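**Student:** structure of the sequence below:
(one chain, ligands or ions: 3)
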Amino acid sequence: MRHAPIDSQLFAANRERLRKLLPPHSLAVVNANDVLPTNADGSLPLVPNSDLFYLAGIEQEESLLVIAPDAFDEKLREVLFVRQPSEHLKIWEGYKLSKEDATKASGVKNVKWLSEFDTLFRGLMVDAEQVFLNSNEHKRRDSQVETRDARFVRRLQESYPLHSYRRLAPLLHRLRLVKSKAEVDLLQKAVNITNDGFRRVLGFVKPGVNEVEIEAEFIHEFTRQRARFAYNPIIASGENACVLHYNQNDKPCRKGDLLLIDVGASYANYNADLTRTIPVSGKFTRRQKVIYNAVLRVMRASIAGATVGKLHRDWTKESQMMMNEELLALGLIKKSDVKKQTEETPACRKYFMHGLGHPLGLDVHDVGQVSEPIAEGWVLTVEPGIYVPQEKIGIRLENDILVTAKGPVDLMAKIPVEAEEIEALMRR
Ligand code: GLY
Ligand code: MN
Ligand code: MN
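**Tutor:** Residues are numbered from 1 along each chain as shown. Ligands and ions are numbered 1, 2, ... in the order given. Reported below is the predicted structural model:
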């Protein structure tokens, strides 16, 4: 684990929140993610399972958390199963959690070796009335690869065909959408590291620098601060900025071009998601600045508009209407375009073709039903953009905010965003 130890109270509180949602005599199980293969004997680094981390703070492969709030034997009401360390593992893979370490990280008192799982679990199954199993229910998940959770579901259904199985994901989505103070602190840490990376890059970018060298600056800052990239960074100069998921990051930055940087640090599995657009030469052209300020006004107004009780859909619509006004003033759309717009295709869609923002947390596009009204404790990104490929201009600005009863709190308020401030920092 790269990050500083986290007080296990965070995970204990999350388990308690889940227990409150479970009906009597339930059993819930969450599995670690698989270590995914590459070629030959290679594998990718483990990406910790967000739900397992949320409930137990555990980042080790093959681990399993079992929650049975009404188990007759009190010791079995929460049990964490981990791999048993051995001399062989120690030599080839290094450190694995001892039982004491696993308890310290998770707050779960009863830690067992995986070899004990089948026998102990059978006892719990026989007493359980409903079995809550996990699955990836993100709306945009699109993968052929079967997860460890999915294999576990199949295995249980084969072994215990008469049990009643239920979906754990909707419960976890509901919980994870609302962040606790400890989670917001970790998100703020990820944001602060991202800020340091961005400021470092402001002093580095100049004509001739390659996008890949800018990526390296971020890697240096993030790694130094025990963080990683939250997602594949987008470092897109000139027309590349109009490719929404550009991540080749291999072109030289040219004088006069803009550079769109969509980069976030992940610290202790909590993710930041920042976008800034800066002038390669250190000074915006007049046209670039006019469009930049239009995007900035929409971002600021949309941050202010993220209030408790509003529907995400209405929040997005409000920002699209603001964007229409900005695009009219820029001469990019005409009044007749606005007259022709429909609910699904607002006039701004031609230049602002992606969503306004998404929940952020242990996943970058975090889980949670955004059809519910915006509520206290949600962390959202706010990311309007204007993309004009014929002018080689792609501008997006993205901040992360916390919704509170007193109004939105901008977690990125300290990250430079005014055009003049960016120019001043680049001059130094
Ligand atoms: N960086 C991914 C996004 O902005 O949604
Ligand atoms: Mn982003
Ligand atoms: Mn985003």
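
**Student:** got phi/psi on the spatially most central residue of the chain?
**Tutor:** Geometric centre of the chain, nearest residue: Val364, 1.6 Å, by Cα atoms, centre = their mean. Per-residue torsions, Val364: phi -70, psi -50 (degrees, to the nearest 10).

**Student:** one more: Glu398?
**Tutor:** Dihedral pair for Glu398: phi -140, psi 120, per degrees, to the nearest 10.

**Student:** from ligand 3, how far out is it?
**Tutor:** Distance of Glu398 to ligand 3, given as Cβ to the ion, to the nearest Å: 6 Å. All C-beta spots, glycine's among them, are computed from the backbone N, C-alpha and C.

**Student:** how about Trp92?
**Tutor:** Counting by Cβ to the ion - Trp92 and ligand 3 are separated by 38 Å.

**Student:** need the residues that contact the least confident helix or strand in the chain by mean pLDDT.
**Tutor:** Sorted by mean pLDDT, DSSP states H and E, the helices and strands of the chain end with helix 87-92, the least confident at a mean of 88. Residues from elsewhere that reach helix 87-92 (Cβ atoms under 8 Å, 6 or more residues apart in numbering): Arg83, Lys96.

**Student:** let's see it at 10 Å
**Tutor:** Helix 87-92 is contacted by residues Arg83, Ser86, Tyr95, Lys96 when judged by Cβ atoms under 10 Å, 6 or more residues apart in numbering.

**Student:** go through it and flag the buried ones.
**Tutor:** When burial is assessed from 16 or more other Cβ atoms under 10 Å, helix 87-92 yields no buried residues.

**Student:** and it, C-alpha only, in PDB?
**Tutor:** Listed next in PDB are the C-alpha coordinates belonging to helix 87-92 (Å, rounded to 0.1, in the frame of the first residue of the first chain):
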ATOM      1  CA  GLU A  87       7.600 -18.700   2.400                       C
ATOM      2  CA  HIS A  88       7.000 -19.200  -1.300                       C
ATOM      3  CA  LEU A  89       4.700 -16.200  -1.600                       C
ATOM      4  CA  LYS A  90       7.200 -14.100   0.400                       C
ATOM      5  CA  ILE A  91      10.000 -14.900  -1.900                       C
ATOM      6  CA  TRP A  92       8.100 -14.400  -5.200                       C
END
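
**Student:** I figured Ala68 hits Leu18, correct?
**Tutor:** No. Look at Ala68 against Leu18 with Cβ atoms under 10 Å: they stay out of range, at 11.8 Å.

**Student:** so for those two, which residues contact both of them?
**Tutor:** Listed as contacting both Ala68 and Leu18 by Cβ under 10 Å, 6+ apart are Ser26, Ala28.

**Student:** circling back to that earlier point, how far off centre is the least confident helix or strand of the chain?
**Tutor:** Averaging C-alpha positions (Cα atoms, centre = their mean, to the nearest Å) puts helix 87-92 33 Å from its chain's average.

**Student:** what do you get for stretch 245-252?
**Tutor:** That offset, for stretch 245-252, works out to 21 Å (Cα atoms, centre = their mean).

**Student:** again with stretch 266-281
**Tutor:** Using Cα atoms, centre = their mean, the offset of stretch 266-281 from its chain centre is 12 Å.

**Student:** anything in it near ligand 1?
**Tutor:** Yes. Looking at stretch 266-281 against ligand 1 by Cβ under 6 Å from any ligand atom, the contacts come from Asp273.

**Student:** wait, does that stretch contact ligand 2?
**Tutor:** Yes. Interface with ligand 2: stretch 266-281 contributes Asp273, Thr275 (Cβ under 5 Å from the ion).

**Student:** span of that stretch from start to end?
**Tutor:** 29 Å (Cα to Cα, to the nearest Å).

**Student:** how about stretch 34-41?
**Tutor:** Stretch 34-41 has an end-to-end distance of 15 Å (criterion: Cα to Cα).

**Student:** again with stretch 56-76
**Tutor:** 15 Å.

**Student:** now it: buried residues?
**Tutor:** Using 16+ other Cβ under 10 Å as the test for burial, stretch 56-76 gives 56-69, 71, 76.

**Student:** can you list the residues of the stretch 301-428 of the chain near ligand 2?
**Tutor:** Glu398.

**Student:** so where do the helices sit in the stretch 301-428 of the chain?
**Tutor:** With DSSP state H, counting those that start in this stretch as the criterion, the stretch 301-428 of the chain has helices at 312-330, 335-340, 419-427.

**Student:** most tightly packed of these?
**Tutor:** helix 312-330 (a mean of 18; mean count of other Cβ atoms under 10 Å).

**Student:** for ligand 3, what's the nearest residue on the stretch 151-300 of the chain?
**Tutor:** Distances between the stretch 151-300 of the chain and ligand 3 by Cβ to the ion are smallest at Asp273, namely 4.2 Å.

**Student:** and that residue, what is it in contact with?
**Tutor:** Asp273 neighbours (Cβ under 10 Å, 6+ apart): 187, 190-191, 194, 230-231, 262-266, 357-358, 360, 364-366, 379-381, 383, 398-400, 412.

**Student:** only the buried subset of those, as a ChimeraX command please.
**Tutor:** With 16+ other Cβ under 10 Å as the criterion, this ChimeraX line picks the buried residues out of these:
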select :187,190,191,194,230,231,262,263,264,265,266,357,358,360,364,365,366,379,380,381,383,398,399,400,412
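
**Student:** give me the subset of the contacts of Asp273 lying in strands.
**Tutor:** Asp262, Val263, Ala265, Ser266, Val379, Leu380, Thr381, Asn399, Asp400 (DSSP state E).

**Student:** helix/strand/coil for the closest residue to Ile214 other than its chain neighbours?
**Tutor:** Nearest residue to Ile214, sequence neighbours excluded (Cβ to Cβ, 6 or more residues apart in numbering): Ile235, at 5.1 Å. Three-state assignment for Ile235 (DSSP: H, G, I helix; E, B strand; the rest coil): strand.

**Student:** rewinding a little: following the least confident helix or strand of the chain, which helix or strand shows up next?
**Tutor:** Using DSSP states H and E, the helix or strand that follows helix 87-92 in sequence is helix 99-106.

**Student:** before we move on, the earlier item: how near is the residue nearest to Ile214 to Gly368?
**Tutor:** Distance from Ile235 to Gly368, counting by Cβ to Cβ, to the nearest Å: 29 Å.
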